[in-house]
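> with the input below, show me the fold.
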Amino acid sequence: MKDRQIQSTPPQMRVPLISVTLHCVSMTVLVFLRSSFGYSYLRPKSVFFAFSWAFVLFFVYARYEKEVWAEYGLMCLYGAAAVALYLIHLLTAFFRELFRDGTHDHDSGTPHTLRLLRALGRPGTARFEMLWHIWVEPAFVFFAGLFLGVIVKERHLSYWLVLTAPCLSVKEVLNYWFQVRQKKRHQDSRDDAEDIFDDQPTTSATEAPKPVGKAKIKRARASRTSAANEIKERQFAQILRLMPPYQLDEAEQNYKKLIKQAHPDPNQDLNSDEGLAAQLNEAIAFFRNTLG
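Have a look, this model is predicted:
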């Protein structure tokens, strides 16, 4: 049985408190660990702006109070650097999106350590990267907090890092779950389109067609075919990140960029996404047939 993504009641306005909290806490660490953030992951940016402004005010206050700076100085420097890096990532992602060169990165960036492994010729599988996001990086942050607390004897920053480690792990689990649900919705859309074609009525060769009924069947088939094409068009446009009105030139440009991400290294099969590449090829073939 398909898992339909249809709400029976209208959505109510609500504040995703858990997601926002995890975003504000984990981003103070992720900006140091990751690179090339996608614009969609920076979606709660307005909340982090408020968080950043409050931290800047505290930084200015502590800078003019010697006793406060002596106790919170390291924490202030860490937070100020996190805010600055976040703004740099945001501006970079914004201009990439503006020039249609951005990526919707739901993995919240690529770790610098994984980039180093790829540069050394050791690309990992998608499962390896997922485990690295969920377990290895949070563990590194957790032990860094313990080091600051036990060895350096710094309380506030060490407490923050120890708190951030489980938040970072939970955030990455949510990101992974979001990807699973997104793939499920895409599959449901494909199944819906196939069901429309499968449900088309067929007439037996021995039955004499009726003039009136035959015309009605043709109209029904045309209606079903049109609805199926609309579903496929929306699905393929989402895969190629197109906005209406659809243009073949734009589809070709996005296809070239996205297919490189699916196969970043043609000589290494471990780091390729064959499923994504197949979807991209099917999508561009559809638009070439309809728009060419």
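> low pLDDT regions in this structure?
Across the chain, the ranges flagged by pLDDT under 70 are 1-16, 102-107, 193-225, 263-273.
> need the longest helix for it.
Taking DSSP state H as the criterion, the chain has its longest helix at helix 156-198.
> which other helices and strands contact it?
If contacts are counted by 3 or more Cβ pairs under 8 Å, 6 or more residues apart in numbering; DSSP states H and E, helix 156-198 sits against helix 17-33, helix 66-98, helix 137-147, helix 211-239. From N, CA and C alone the C-beta is placed, and that goes for glycine too.
> report the inter-axis angle for it versus helix 137-147.
When axes from the mean of the first three to the mean of the last three Cα atoms, to 10 degrees is applied, the directions of helix 156-198 and helix 137-147 differ by 170 degrees.
> what angle do helix 156-198 and helix 66-98 make?
If you take the same axes, to 10 degrees, helix 156-198 sits at 20 degrees to helix 66-98.
> so helix 156-198 versus helix 17-33, what angle?
On the basis of the same axes, to 10 degrees, helix 156-198 is oriented at 110 degrees to helix 17-33.
> so how far is helix 156-198 from its chain's centroid?
Distance of helix 156-198 from its chain centroid, counting by Cα atoms, centre = their mean, to the nearest Å, is 8 Å.
> and stretch 24-42, by the same measure?
In terms of Cα atoms, centre = their mean, the centre of stretch 24-42 is found 12 Å from the chain centre.
> just use 45 as the starting number from now, easier for me
Okay, using 45 as the starting number, the last item reads as stretch 68-86.
> what residues of that stretch count as buried?
68-75, 77-78, 81-83, 85-86 (16 or more other Cβ atoms under 10 Å).
> ok, back up a step: including distance to residue 173, could the helices and strands packed on helix 200-242 go into CSV?
Shown next, in CSV, are the helices and strands packed on helix 200-242 (distance: least, Cβ to Cβ, whole Å):
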stretch, distance to residue 173
helix 61-77, 13
helix 110-142, 19
helix 181-191, 11
helix 255-283, 21
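> and stretch 211-222, C-alpha only, in CSV?
Provided in CSV are the C-alpha atoms of stretch 211-222 (Å, rounded to 0.1, in the frame of the first residue of the first chain):
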residue,chain,number,x,y,z
CYS,A,211,22.1,18.0,18.8
LEU,A,212,24.3,17.7,15.8
SER,A,213,23.7,13.9,15.6
VAL,A,214,19.9,14.3,15.9
LYS,A,215,19.9,17.0,13.2
GLU,A,216,21.7,14.7,10.8
VAL,A,217,19.3,11.9,11.6
LEU,A,218,16.4,14.3,10.6
ASN,A,219,18.3,15.2,7.4
TYR,A,220,18.6,11.6,6.5
TRP,A,221,15.0,10.9,7.3
PHE,A,222,14.0,13.9,5.1
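> many thanks, we can stop here.
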